[in-house]
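J.: Sharing a model that was predicted from the sequence below.
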Number of protein chains: 2
Amino acid sequence: MAERNGGGTRAVVLAAVRLFTDAGYDATTMAGIAEVTGVSRRSLFRRFGSKEDVLFAEHDELFETVVRYMEASPESPTDSVLAAARLVFQGYVRDPEITVPRYRLVRAHSRLRDREVAMTARYQAAFSRHMAEAAGGGRPSLEVEVVASAVIAAHNHVLRGWLRDPDDDGVWRRFDEAMERVRALAAPLFGVPDEPVPGRPTRVGRDRIVVAVYPGDTDPDELSRRVAETVRDRR
Amino acid sequence: MAERNGGGTRAVVLAAVRLFTDAGYDATTMAGIAEVTGVSRRSLFRRFGSKEDVLFAEHDELFETVVRYMEASPESPTDSVLAAARLVFQGYVRDPEITVPRYRLVRAHSRLRDREVAMTARYQAAFSRHMAEAAGGGRPSLEVEVVASAVIAAHNHVLRGWLRDPDDDGVWRRFDEAMERVRALAAPLFGVPDEPVPGRPTRVGRDRIVVAVYPGDTDPDELSRRVAETVRDRR
DNA sequence: TCTAGTCTGGCACTGAATGCCATACATCGG
DNA sequence: CCGATGTATGGCATTCAGTGCCAGACTAGA
């Protein structure tokens, strides 16, 4: 047996990441990780479940944390989802020692890429569920799922930028901007009672935004008349 | 050696699906599939690559087809993406013999679920790339990625409904409605030059839709005046 | 007919993943 | 202090996915 040193989970993950990046993911065996860390091969499987899960162990913990946080959040469903996304982002940015090399590995191996994608899908599902439950339970509506996917897409867009250049300073500003744009996108979706009927302007959101949707060939005078009418009605 | 019958790829897939649903995915071995289909174990791996890929072989073909179609499409990038999504949907609906039992398997096994999710992520990436190239190349912008994710989310929303109840008639109507809503969502994102500035109405899309975004407390008269003005300008 | 290229099956091997059992260790009631 | 109980660990054996290698069958073309 090798010497007893790297017992901590995080130490094992770090050692594994180092092996993966140095020798290659496929070339690194669980026996090799066992040898380096001093943890037996069998125990590695017990603690992490699989070779991939060694690489994503930290991320799994993050997921648990974020979901618990989101479900306990007192804010509106949209706000708690956005806050949760911020937590996820923070989980990455705060730990570049693992997330950055992992990103490189993920880009190179399609199997790992699938695993990473699956993680974000889990977040998306959790976000959808959270918003659906706040909206009275049942299955997530189309709007809810679109918003959840938009949050994830925006998150990943900014995140990938950071992963390519972890020294960039403006990440947090860009992240918050992206989330604000998603919020603006989401607002009309939730405000519309049934569906955005073309030709019928609809006041949306208690006090934030008005959105009007018309066929492009609507007569301008007729259009402005209808808009004014609707806005006045609900004022 | 077993008798030489199920040589065709589709026949192999169907046999495998049957085995998976009858005996369970984990309990079914590649040797078992080889025995039933009369194709040798070695050839199964050569043709499909892995056990999972047997289940998703048809889907991989579909992906190739859809991407080729989309890239050759003469329509606007948004339209060709929506048409591509329609093709994907058709790929599912037209082949319930495989897609429906696969859905059940995917729901039960997290590994297969990850694989399924990875497929939709591939579509999303292809959609993003297509729109990004049409917009002058380079990396996909935030807007492009959000729209691609919304298309996928809407597609999956309707698809899951159908997979739960494949006998439902109204699928295509609901699919087209969902896509129209995504189109309405996408229009303002692409039409606005920089970001959706509150208070400045913007004409979007050559001849389809007008969307105006304002702060909720905008004076109704001022609002209708601006809308009319903008619409007239670009007419 | 000979040949080059392609597809297939059989065989052996690596390595991930799991079940089983024995052991070390910590915790707690006596 | 000690035995009992629960838990984490290591070692061992086994199954099975996945791959490299080689031999034979089949096809197309000179």
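T.: Alright, I've got the coordinates. Numbers count the residues shown, from 1 in each chain, chains lettered A, B, ... in the order given.
J.: Around DNA strand C, which positions in chain A sit nearby?
T.: A:28-31, A:42, A:45, A:49-52 (Cβ under 7 Å from any atom of the strand). (C-beta placed from N, C-alpha, C; glycine too.)
J.: and the most centrally placed residue in chain A, what does it touch?
T.: Compute the mean C-alpha point of chain A, and by Cα atoms, centre = their mean the closest residue is A:Ile152, 4.0 Å away. By Cβ atoms under 8 Å, 6 or more residues apart in numbering or on different chains, the contact set of A:Ile152 is A:85, A:120, A:123-124, A:127, B:149.
J.: do the same with A:Val54
T.: A:12-13, A:16, A:33, A:44, A:48.
J.: do that again at 10 Å, thanks
T.: A:9, A:12-13, A:15-17, A:19-20, A:28, A:30, A:33, A:37, A:44-45, A:47-48 (Cβ atoms under 10 Å, 6 or more residues apart in numbering or on different chains).
J.: re the thing from before, which one (most neighbours) among the contacts of A:Ile152?
T.: Counting neighbours by other Cβ atoms under 10 Å in any protein chain shown, A:Phe127 comes out on top of those with 29 neighbours.
J.: which ones among the contacts of A:Val54 come in contact with DNA strand D?
T.: Among the contacts of A:Val54, the residues lying close to DNA strand D (Cβ under 7 Å from any atom of the strand) are A:Arg47.
J.: For ChimeraX, write the selection for the buried entries among the contacts of A:Val54.
T.: Burial among the contacts of A:Val54 is assessed by 16 or more other Cβ atoms under 10 Å in any protein chain shown; the matching ChimeraX selection reads:
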select /A:12,13,15,16,17,19,20,28,30,33,37,44,48
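J.: Which members of the contacts of A:Val54 are positioned in helices?
T.: A:9, A:12-13, A:15-17, A:19-20, A:30, A:33, A:37, A:44-45, A:47-48 (DSSP state H).
J.: my guess is A:Tyr92 contacts A:Leu159, does it?
T.: Yes. With contacts counted by Cβ atoms under 10 Å, A:Tyr92 reaches A:Leu159, the gap being 5.9 Å.
J.: Spit out the residues that contact these two alike.
T.: A:99, A:103, A:171.
J.: can you list those in a markdown table and add neighbour count and distance to B:Leu112?
T.: Converted to a markdown table, the shared contacts of A:Tyr92 and A:Leu159 look like this (neighbours: other Cβ atoms under 10 Å in any protein chain shown; distance: Cβ to Cβ, whole Å):
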| residue | neighbour count | distance to B:Leu112 |
| --- | --- | --- |
| A:Thr99 | 21 | 26 |
| A:Tyr103 | 20 | 25 |
| A:Val171 | 18 | 35 |
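J.: among those residues, which are in helices?
T.: Reading helices off those with DSSP H, I get A:99, A:103, A:171.
J.: For stretch A:15-28, output the C-alpha coordinates as CSV.
T.: Extracted as CSV, the C-alpha positions of stretch A:15-28 are listed here (Å, rounded to 0.1, in the frame of the first residue of the first chain):
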residue,chain,number,x,y,z
ALA,A,15,-4.3,14.9,-7.8
ALA,A,16,-6.6,13.3,-10.3
VAL,A,17,-6.9,16.5,-12.3
ARG,A,18,-3.1,16.7,-12.4
LEU,A,19,-2.8,13.2,-13.6
PHE,A,20,-5.5,13.7,-16.2
THR,A,21,-3.9,16.8,-17.6
ASP,A,22,-0.4,15.4,-17.5
ALA,A,23,-0.8,11.9,-18.8
GLY,A,24,-4.2,12.3,-20.5
TYR,A,25,-7.6,11.3,-19.3
ASP,A,26,-7.8,7.9,-21.0
ALA,A,27,-4.3,7.0,-20.1
THR,A,28,-4.9,7.7,-16.4
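J.: Give me the contact list for it.
T.: With Cβ under 10 Å, 6+ apart, stretch A:15-28 has contacts from A:5-6, A:29-30, A:32-33, A:35-39, A:44, A:48, A:51-52, A:54-55, A:57-58, A:97-102, A:104-106, A:108-109, A:111-112.
J.: and with 7 Å instead?
T.: A:6, A:32-33, A:36-37, A:54-55, A:98, A:101-102, A:104-105, A:109, A:112 (Cβ atoms under 7 Å, 6 or more residues apart in numbering or on different chains).
J.: list the helices and strands the lengthiest helix in chain A packs on?
T.: In chain A, with assignment by DSSP H, the single longest helix is helix A:110-134. With contacts taken as 3 or more Cβ pairs under 7 Å, 6 or more residues apart in numbering or on different chains; DSSP states H and E, helix A:110-134 sits against helix A:51-72, helix A:77-93, helix A:96-108, helix A:142-164, helix B:110-134.
J.: residues of it that come out buried?
T.: Neighbour-count burial for helix A:110-134, with 16+ other Cβ under 10 Å as criterion, is recorded at A:112-132.
J.: So it, near DNA strand D or not?
T.: No. Taking Cβ under 7 Å from any atom of the strand as the criterion, helix A:110-134 and DNA strand D are apart, separated by no less than 8.7 Å.
J.: what is the rounded mean pLDDT of that helix?
T.: What helix A:110-134 shows for mean pLDDT is 96.
J.: any idea of the angle that helix forms with helix B:51-72?
T.: 80 degrees (axes from the mean of the first three to the mean of the last three Cα atoms, to 10 degrees).
J.: what phi and what psi does the backbone show at A:Pro74?
T.: phi -90, psi -10 (degrees, to the nearest 10).
J.: A:Leu87: neighbour count?
T.: A:Leu87 has 15 nearby residues by other Cβ under 10 Å.
J.: who touches the nearest residue to it once chain neighbours are set aside in this structure?
T.: Nearest residue to A:Leu87 in three dimensions, chain neighbours excluded: A:Val66, at 4.9 Å (Cβ to Cβ, 6 or more residues apart in numbering or on different chains). Taking Cβ under 7 Å, 6+ apart, we find A:Val66 in contact with A:84, A:87-88.
J.: Swap in 10 Å and give it another go.
T.: A:Val66 neighbours (Cβ under 10 Å, 6+ apart): A:83-88, A:90-91, A:123, A:126-127.
J.: Next: A:Ser128.
T.: If you count contacts by Cβ under 10 Å, 6+ apart, then A:Ser128 has A:81, A:139-141, A:144-149, A:151-152, B:153, B:157 around it.
J.: tell me which of the contacts of A:Val54 is nearest to DNA strand D?
T.: A:Arg47 (5.7 Å; Cβ to the nearest atom of the strand).
J.: Double-check that A:Gly138 belongs to a helix.
T.: No. Applying DSSP: H, G, I helix; E, B strand; the rest coil, one finds A:Gly138 to be coil, outside a helix.
J.: Would you check that it makes contact with A:Ala132?
T.: Yes. Between A:Gly138 and A:Ala132 there is a contact under Cβ under 10 Å: 6.5 Å.
J.: For A:Phe127, which non-adjacent residue is spatially closest?
T.: A:Ala148 (4.0 Å).
J.: residues near the one you found, how many?
T.: Based on other Cβ under 10 Å, the number of other residues close to A:Ala148 is 26.
J.: distance of it from B:Val88?
T.: From A:Ala148 across to B:Val88, the span is 20 Å (Cβ to Cβ, to the nearest Å).
J.: related to what we said a few turns ago, quick check, nearest of the residues of chain A next to DNA strand C to DNA strand D?
T.: A:Arg42 (3.8 Å).
J.: mind listing what the closest one touches?
T.: A:30, A:34.
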